[in-house]
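J.: fold the stuff below for me.
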Amino acid sequence: MNKGVPEDPSAHAYWVKLHNIYQRKSLSSVVVKLRQWVTCMQDGQPVQEFIGRVESRARDLQGAGIEIPEKLISALVVCNLDSRFHSVATALDCQDFDHISLVTITSLLLNEEARQGQDIASTQANIAGKKRRCKVHPHLGHTDDQCYAQHLSFALAAGSRDIINRDKFKTTIMPLKLHLTSPGPGM
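T.: Model prediction:
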């Protein structure tokens, strides 16, 4: 009979044959799966995706014959966190390892990720709120500082004491003001 086809034509026999081919339990297969498992968090990756990847790779290792306790999965999650979750990792390091589950760790990480998302949203809202109506002319979406930088004539017309004293306008406005106010040759 053909070498790759099992003698027993049942579905179970085919399943066993496929399992033996694709779920290899060799040392190299286990080492590759361990490397993938240990280096699985990428910068900026969402927490749920990260935890799902860790659990999926743990199941791959279990399929290769290596039993992995939940505590080891939890420890791997904590040690592979990127810098966004440094405070959570530090807090978890101080806790009793016997009383922390993967569910608790996942919950803490999801809460921290949501909190960071709110911080980013509020920062963006503050930046957008600062771009109010310009005092020089009635345009929205920029401040008078930005308007002065674009239109030096507005800056000169605005009077210049507070504008001249600003560091970013000293180089552009002061020479123009001096040039316009100084008497010309022969005056």
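J.: looks like L110 contacts P46 (just checking).
T.: No. Judged on C-beta atoms under 8 Å, L110 makes no contact with P46 at a distance of 9.2 Å. Where C-beta positions appear, they are placed from N, C-alpha and C, glycine not excepted.
J.: those two: which has the busier surroundings?
T.: Under the criterion of other C-beta atoms under 10 Å, the comparison of L110 against P46 puts L110 first, with 14 against 11.
J.: name the nearest residue to that one, sequence neighbours excluded.
T.: V47 (5.4 Å; C-beta to C-beta, 6 or more residues apart in numbering).
J.: what's the local residue count around the residue lying closest to K71 once chain neighbours are set aside?
T.: Once flanking residues are discounted, K71 sits nearest to F97: 6.6 Å by C-beta to C-beta, 6+ apart. Neighbourhood size, F97 [other C-beta under 10 Å]: 11.
J.: do the same with E113
T.: Look at E113: counted by other C-beta under 10 Å, it has 17 neighbours.
J.: overlap in contacts of L110 and P46?
T.: Residues touching both L110 and P46 by C-beta atoms under 8 Å, 6 or more residues apart in numbering: none at all.
J.: quick check: domain ranges of the chain?
T.: For the chain, the structural domains run 11-130, 132-187, going by automatic domain parsing.
J.: which stretch in the ones you listed has the least confidence?
T.: Note on the domains of the chain: lowest mean pLDDT is at domain 132-187, with a mean of 55.
J.: which parts of this protein are strands?
T.: In the chain, no strands are defined using DSSP state E.
J.: show me where this protein has helices.
T.: 11-22, 27-38, 47-63, 70-79, 86-93, 102-130, 144-150, 152-157, 161-164, 167-181 (DSSP state H).
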